[in-house]
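[1] What shape does this take:
(one chain, ligands or ions: 1)
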Amino acid sequence: MSGTHGTTSSAGPTTDPVPPEATAATGEAGARQDALDAVTRRAREVIPEEGIITDHQRLRTYECDGLAHYKVTPALVVIPETTEQLAAVVRACAEHELPFVARGSGTGLSGGALPRADGILIVTSRMRAIREVRREDQRAVVEPGVINLDVTRAATPYGYYYAPDPSSQQICSIGGNLAENSGGAHCLKYGFTTNHVLGAELVTPDGDVVELGGMAPDAPGYDLLGAVVGSEGTLGIVTAATVRLVRVPEEVRTLLAGFESTDHAGAATSAIISAGIVPAAIEMMDALAIEAAEAAVHCNYPAGAGAVLVIELDGAAVEVEHEFGEVERLCRENHAFELRVATDPAERALIWKGRKSAFAAVGRISPDYIVQDGVIPRTALPEVLRAIAELSESSGVRVANVFHAGDGNLHPLVLFDDAVEGAGAAAEKVSGAILDLCINHGGSITGEHGVGIDKAAYMPRMFNDDDLDTMQLVRCAFDPQNISNPGKVFPTPRLCGERPGRRKGAHPLQESGLAEVF
Ligand SMILES: Cc1cc2nc3c(=O)[nH]c(=O)nc-3n(C[C@H](O)[C@H](O)[C@H](O)COP(=O)(O)OP(=O)(O)OC[C@H]3O[C@@H](n4cnc5c(N)ncnc54)[C@H](O)[C@@H]3O)c2cc1C
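    Just a heads-up that it's a prediction; the model follows:
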């Protein structure tokens, strides 16, 4: 299985919590139930009743994230309001070796917030305080459940905004952004979440509250904050983040360019970047993605285009003006047959509407689809897009492409109809082959959506055993009991002492005395 099923119709693995009657307090199941009961009691002591969910129907609300293919009903959901409440629950989990999973808004596309049937889900949606906005320092300190766009809303009166802008920015949480190291259209110029987080308050898997980084631009010692950003909830739960704010640019200009083919659009992208211009965003959509967006939001993109680029420049007015002329010239030189410059905010919004609605819009032209996420060096774009088109043609599986072209961050949408026998399997195959293409062209199996449960099996295609074991050492240093979002990111748990491992005998790092098993 790879990627994201865009509808919930596919029947993925569904697990219900062990019903109480089946867990007569004997054996392993009994011990699990005892642990769950103890953690539930502790949660009730510290969290107001409305933040505790045990009712089966209500638990099912949390059975999946944006990757609706996989569904697991958690045994318990808690919704703490403070760091202290959250830490107390995690401490209880550690004491009773009960697995827990953090969840922000549940928009993740790789099943990272998929619950455990034998564990608890800790939801941060009530931790939404913006603790402070420090105008002079260009920093804000926010709690994990704060919605990405709300950071910008809080900073706007001071002339600042929060730059990382996933397309889900109206609903996804800062905690989830941190855990996924999320990107977005404007990350080409401004960088990913990791470039905008300076500090985090972290509840470690044993329930301690620690500070990583802070207001200063750099901290001495190992970059533990760097390890936590992108760790997908496997190293603990972030309960506050200190984020960098960026000055609202003096000028923003947006252009829509129509090309006959993705080859031409890819070449134009490379030409712009190699001319030394760093646009705020370069987004690409191919013909099928355009068709879907037109059907959904009537964005009026150039008729007959095999690909469009949405290019945005921002910064000082004089600079933007000069570079915008260059961008127009380079698009024409690379066979753009139509250029449309937004002359007012309404036109700019319409250009972006087509792009931003593309994922959802694909639902109009296909009952099911997989959102794949892989990244390649930008210069490989034309070649890889051609190879995807060939894969699509030879397999008969339609693939729509809508992605962050400036970063080489691909989001092929692999379309299928689950009602047709074998269609899902064929789509899976194409989806996996696309990941192989990314790896073979020097890229990676995920650009920004994380590994989660979905791509854990693909990790060995990128990393060898030693690489994976070394990553496990980091994980085990934070979480020796393997209770913080276990089963995600890594194909199988290894090297955590008593945990089962693929490797027989001592690990080379152990043998060389460089690492010990916890
Ligand atoms: C329509 C759509 C468009 C999207 N566009 C983009 C895009 O452009 N760029 C992009 O990068 N992503 C995109 N995404 C994916 C998703 O929105 C991001 O991954 C986002 O960061 C997830 O945030 P969340 O709050 O929903 O996290 P969740 O889905 O709740 O959780 C995601 C992961 O983070 C962990 N986690 C959550 N909170 C915490 C915490 N406080 N501490 C530690 N771990 C935590 C969870 O355990 C899980 O592993 C898109 C998703 C959708 C549905």
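
[2] Is stretch 345-365 in proximity to the ligand?
    Yes - for stretch 345-365, a contact with the ligand is found by C-beta under 6 Å from any ligand atom, at Phe359. In this view, the C-beta of every residue, glycine as well, is placed from N, C-alpha and C.

[3] Quick check on the residue in the stretch 401-518 of the chain positioned nearest to the ligand: phi, psi?
    For the stretch 401-518 of the chain and the ligand, the shortest gap (C-beta to the nearest ligand atom) falls at Glu448, measuring 3.4 Å. When read as degrees, to the nearest 10, the backbone of Glu448 gives phi -150, psi -10.

[4] Could you give the number of residues near the closest residue to Ile174 other than its chain neighbours?
    Nearest non-adjacent residue to Ile174, counting by C-beta to C-beta, 6 or more residues apart in numbering: Val146, 4.9 Å away. Neighbour count of Val146, defined by other C-beta atoms under 10 Å: 27.

[5] dump the residue contacts of Val146.
    127-130, 173-174 (C-beta atoms under 8 Å, 6 or more residues apart in numbering).

[6] try 7 Å this time
    Residues in contact with Val146 (C-beta atoms under 7 Å, 6 or more residues apart in numbering) are 128, 130, 173-174.

[7] For the residue of the stretch 401-518 of the chain closest to the ligand, give its distance to Val375.
    Separation of Glu448 from Val375 (C-beta to C-beta, to the nearest Å): 8 Å.

[8] any residues in contact with both of those two?
    Residues touching both Glu448 and Val375 (C-beta under 7 Å, 6+ apart) are Asn409.

[9] tell me which parts of the stretch 151-300 of the chain are close to the ligand?
    Near the ligand, when you scan the stretch 151-300 of the chain using C-beta under 6 Å from any ligand atom, you find 166-168, 172-173, 175-177, 179-180, 182-184, 232-233, 237-238.

[10] which bits of the stretch 401-518 of the chain sit near the ligand?
    448-449, 485.

[11] Among these, which one has the most neighbours?
    Asn485 leads those on contacts (other C-beta under 10 Å) with 31 neighbours.

[12] For that one, which residues are in contact?
    101-102, 232-234.

[13] Helices of the stretch 51-200 of the chain, start to end?
    Secondary structure of the stretch 51-200 of the chain, counting by DSSP state H, counting those that start in this stretch: helices at 56-59, 83-96, 148-155, 174-180, 187-190.

[14] Is the longest one positioned near the ligand?
    This points to helix 83-96. No - counting by C-beta under 6 Å from any ligand atom, no contacts exist between helix 83-96 and the ligand, the nearest distance being 8.8 Å.

[15] Which other helices and strands does that helix contact?
    Using 3 or more C-beta pairs under 7 Å, 6 or more residues apart in numbering; DSSP states H and E, the elements in contact with helix 83-96 are helix 27-46, strand 120-123, strand 197-203, strand 237-244.

[16] Out of these, which is closest to Asp314?
    The closest of those to Asp314 is strand 237-244. By C-beta to C-beta, the value is 16.5 Å.

[17] Just want the angle from that closest one to strand 197-203.
    Between strand 237-244 and strand 197-203, the angle comes out at 160 degrees (axes from the mean of the first three to the mean of the last three C-alpha atoms, to 10 degrees).
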